[in-house]
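Enquirer: would you be able to build a 3D model of this:
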Amino acid sequence: MDRPVSAPATAAVLRALLVRGDARLRPLDLRARVGRAAAAYRLARAPESGRSARRLHEGRGDHGLWRRRPRDSRAVSRTQSSVVRPARQLDPPRVLDPAARCSARPDARARAEPGRGCAARLRSSRHALRPLVPAGRVRPGAAVLEGGGAKAMRALGLFAASLLACGCALVPLYAEPLPPEAERITARTGDGWNIALVRYRPRGEANGLPLLLCHGISANGRNMDLDAEHSLARWFAAQGRDTFTVSLRGGGDSDHPAPREGRSYRYTIDTFATEDLPAAIGRISELTGSAKVDYIGHSMGGLVGYIYLARGGAAINAAVTLGSPARFALGEMNERVLREIGKSVARNIDTVDMPTIAHAVMPLHGYIKAPTDYLLYNPENVSRELWQRFIAVGLGTVSGGVLRQFGLWIREGAMLSADGALDYRALLGQVRTPVLVVAGKADRTAPSPAAKAGYDYLGGPKQFFVAGEENGFRHDYGHVDLIIGERADEELWPRLLSFLDEHTPASP
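Expert: Next up is the predicted model:
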C-alpha cells in the first residue's frame, strides 16, 4: 500500500525544488536542486532510522514530516496525531487535527492500555504511522493523501522534475554570454550588500552623461542585454553613451539573501531606492567622474526611480520610465480583484526563485496557451525564441518584502513606503527632474492609464506617450516589448535618446 503523503510534505518537496534557501544556488545548478527535491521526497515517504530519524524527531530535519512508527513505540505527543493505521487499510483523504486525542478514535482507544490516555502504549503495527513534527508545530487542517492520491503526487513530482531538467538543458541553447567589451563591476551598499553592474563603454566619441539601466521585478540586468540584436545597453553605447546595467539585490550576480551571513529576505522596494540605486550611482560617479547620471527604469525599475526622486535623490539628471504603473485600481472589477490579492499575497513567503519556476515551464512555451502570452508581451513584437532567451538569462529571485510592499500598495490604493509613513505619489509633485513616461498600448501588466498616473503626479518637466499603432509604431507594444521588442531599436529607443539628449547639460 502507498504511504500517506501530507500536503505539508508535498510543500516541502516543492520548496526544495523552487524556493531558494540559505545556500546560494544558481539557476543552472540542476543537480543540487533535483537532489534537494529528491531528498525531501524520500524523507517525506521512506522509513527513517538512526541519526536521520533522530534529527527529524528532534526538529532539526528540513523535509521529512512522517516516518513509520517502530515497534513498541510508547508515548505520542499531545500535540501530535496518534491515529494508528492498520496494514492494507484504504481510507478516503482525511484532515489531521493536532488537538486530537486517542479517545477520539474507538480503534485507537481499543489498542490503548487502560488508564493511560494519550500517553498509552500502542499496540505494535508494522504499517502504523505517526507524524514526525516537533511539538507545537503540527498545522491544523493539514490534508493527508492516501493511495491513489500519493501516486498522483508522485507522478506530479516526477513530471515537474522532468520539466525542470528539460528547461535547464535548454538554457545553454538560449543563453548568450556577455560581449567581450562588457566590464563587470561591483558596488557596495551601505547595509553591506554587493550589487553587480556591467559597463558598456561608448563606441566612438562619448556623448552625454553616463546612463544607468534598471530592470523590473523578478528580473536582472541581463534583460537589458539579451543578445547583439536585442540589447538596450549596447544600442545606447553605440550612440556614444557610457552605459551601465544594474542587477538589484537578489538578481543576477548581485548578492542573494543569506540570513546566516546577515543578508535578510526582508528587503523591499524602498531598499532598492535607498540602498542599491545610490550605491550604483555612486560607483558610476567614481568611474566616470560625473556627479549625475541619466536613468532608464523598466517596470519596477521605473518605480524605484520614482521613489528615489520622491525621497529627494538629486544624482539623476533626467529619467525615463517604461511600463511603470503608479496606480493599482483600474475599474471596479479590477480594483476588487487586486484588493483581494493584496490581502493575501506574500504573507508567509521569504523568497520566490523565479528562474527555477520559469525554467520548469520553459519546455511548454509555444505548445500551450500561457498567461504570459497575454500579460507580458505581444507576440507580434516578441518571438518565441526571444522570449525563451529572456526567461533563460533575464530573471531573478523576488523577496517576500518586495511582494508585501506591492500588496500594501494594492490594499491601500496608494504608493506607500514599506512602513506606511510616506505617500510617494504625493511627494512626486515636488520633483523637478525631467521625466519621460512611456506606456505600451498592449501592456496588460502596466496598462497605459496606470503608467500615465506617474506622469500625472510628477511636478517637474515631463512628457508622456503610448507605444502603439496610433503613434506610428508598427504594432502595439506589450510590457517587455519596450526593452526587447523586435523593432524597438528602430521605433522606440531613438525617442528615449532624443529626450535624454534634450535635457543633457551643456558641460557634463
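Enquirer: pLDDT below threshold where in the stretch 151-300 of the chain?
Expert: Residues of the stretch 151-300 of the chain that meet the criterion pLDDT under 70 lie in 151-175.
Enquirer: determine the set of other helices and strands touching the one helix or strand residue 281 maps to.
Expert: Using DSSP states H and E, residue 281 sits in helix 277-288. Helix 277-288 sits against strand 183-188, strand 194-200, strand 211-214, strand 243-247, strand 293-298, helix 300-310, with contacts defined as 3 or more CB pairs under 8 Å, 6 or more residues apart in numbering; DSSP states H and E. Quick note: C-beta positions are derived from backbone N, CA and C, even for glycine.
Enquirer: nearest to residue 278, out of those?
Expert: helix 300-310 (7.6 Å; CB to CB).
Enquirer: contacts for the helix or strand just after that closest one, please.
Expert: Downstream of helix 300-310, the next assigned helix or strand under DSSP H and E is strand 316-322. Applying CB atoms under 8 Å, 6 or more residues apart in numbering, the contact partners of strand 316-322 are 209, 281, 292-299, 301-303, 305-306, 308-309, 433-438, 451, 454, 482-483, 496, 499-500, 503-505.
Enquirer: returning to what we had before: and the helices and strands packed on helix 277-288 as JSON lines, adding distance to residue 407?
Expert: As requested, the helices and strands packed on helix 277-288 are exported to JSON lines (distance: least, CB to CB, whole Å):
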{"stretch": "strand 183-188", "distance to residue 407": "29"}
{"stretch": "strand 194-200", "distance to residue 407": "25"}
{"stretch": "strand 211-214", "distance to residue 407": "22"}
{"stretch": "strand 243-247", "distance to residue 407": "24"}
{"stretch": "strand 293-298", "distance to residue 407": "21"}
{"stretch": "helix 300-310", "distance to residue 407": "14"}
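Enquirer: residues in contact with residue 430?
Expert: So residue 430 contacts 310, 459 (CB under 8 Å, 6+ apart).
Enquirer: cutoff 7 Å now
Expert: residue 459 (CB atoms under 7 Å, 6 or more residues apart in numbering).
Enquirer: residue 486 now?
Expert: So residue 486 contacts 381-383 (CB under 7 Å, 6+ apart).
Enquirer: between those residues, which sits nearest residue 249?
Expert: Distances from residue 249 to those, taken as CB to CB, are shortest for residue 382 (27.2 Å).
Enquirer: so the closest one is in which element?
Expert: Using DSSP H and E, residue 382 falls outside every helix and strand.
Enquirer: what is the burial count for it?
Expert: 23 (other CB atoms under 10 Å).
Enquirer: okay, it and residue 470: tell me how far apart.
Expert: Per CB to CB, to the nearest Å, residue 382 is found 20 Å from residue 470.
Enquirer: could you do residue 206 as well?
Expert: Using CB to CB, residue 206 is found at 36 Å from residue 470.
Enquirer: repeat that for residue 447.
Expert: Distance from residue 447 to residue 470, by CB to CB: 15 Å.
Enquirer: which one of the two has more residues nearby?
Expert: Between residue 447 and residue 470, counted using other CB under 10 Å, the more crowded position is residue 447 (20 against 10).
Enquirer: sorry, back to before: which parts of the helix holding residue 281 are buried?
Expert: Neighbour-count burial for helix 277-288, counted by 16 or more other CB atoms under 10 Å, picks out 277-281, 283-284, 287-288.
Enquirer: make a markdown table from those and add distance to residue 489 to it.
Expert: Formatted as a markdown table, those follow (distance: CB to CB, whole Å):
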| residue | distance to residue 489 |
| --- | --- |
| 277 | 26 |
| 278 | 30 |
| 279 | 30 |
| 280 | 24 |
| 281 | 26 |
| 283 | 27 |
| 284 | 24 |
| 287 | 26 |
| 288 | 24 |
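Enquirer: and those residues, which is closest to residue 459?
Expert: residue 277 (20.3 Å).
Enquirer: check contacts around the closest one.
Expert: Residue 277 neighbours (CB under 7 Å, 6+ apart): 304, 308.
Enquirer: now swap in residue 253 and tell me
Expert: Listed by CB under 7 Å, 6+ apart, the contact partners of residue 253 are 196, 247.
Enquirer: is it in a helix, a strand, or coil?
Expert: Here residue 253 takes the coil state, with states given by DSSP: H, G, I helix; E, B strand; the rest coil.
Enquirer: how about the nearest residue to residue 487, chain neighbours excluded?
Expert: residue 474 (5.9 Å; CB to CB, 6 or more residues apart in numbering).
Enquirer: check residue 216 too.
Expert: Nearest residue to residue 216, sequence neighbours excluded (CB to CB, 6+ apart): residue 299, at 2.8 Å.
Enquirer: relative to residue 258, how far out is the one you found?
Expert: 26 Å.
Enquirer: got it, and residue 497?
Expert: 39 Å.
Enquirer: what's around residue 266, how many residues?
Expert: A total of 15 residues lie near residue 266 under the criterion other CB under 10 Å.
Enquirer: you'd agree it is up against residue 402?
Expert: No. At 9.6 Å, residue 266 and residue 402 do not qualify as touching, with contact defined as CB atoms under 7 Å.
Enquirer: circling back to that earlier point, looking at residue 497 and residue 258, which one has more neighbours?
Expert: Using other CB under 10 Å, the more surrounded residue of residue 497 and residue 258 is residue 497, with 20 against 15.
Enquirer: contacts only, for that one.
Expert: Residue 497 makes contacts with 236, 239, as judged by CB under 7 Å, 6+ apart.
Enquirer: what pLDDT does it get?
Expert: Per-residue pLDDT puts residue 497 at 97.
Enquirer: wasn't it part of a helix?
Expert: Yes. Under three-state DSSP, residue 497 sits within a helix.
Enquirer: all strands for the stretch 301-450 of the chain, in order.
Expert: For the stretch 301-450 of the chain, the strands defined by DSSP state E, counting those that start in this stretch cover 316-322, 351-352, 398-399, 435-440.
Enquirer: on that earlier part again, export the contacts of residue 486 to a markdown table and tack on pLDDT?
Expert: Formatted as a markdown table, the contacts of residue 486 follow (pLDDT from 0 to 100):
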| residue | pLDDT |
| --- | --- |
| 381 | 93 |
| 382 | 92 |
| 383 | 87 |
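Enquirer: let me know the closest of those to residue 390.
Expert: residue 382 (7.9 Å).
Enquirer: just read off the phi/psi values of that closest one.
Expert: Backbone torsions for residue 382, taken as degrees, to the nearest 10, come to phi -130, psi 120.
Enquirer: surely it meets residue 481?
Expert: Yes. Residue 382 is within contact range of residue 481, at 5.7 Å (criterion: CB under 7 Å).
Enquirer: for the stretch 301-450 of the chain, which residues score under the pLDDT cut-off?
Expert: 329-349, 357-373.
Enquirer: redo that, cut-off 50
Expert: Flagging of the stretch 301-450 of the chain using pLDDT under 50 yields the residue ranges 330-333, 346.
Enquirer: where along it do the helices fall?
Expert: 332-344, 354-361, 372-375, 384-393, 400-412, 424-427, 448-457 (DSSP state H, counting those that start in this stretch).
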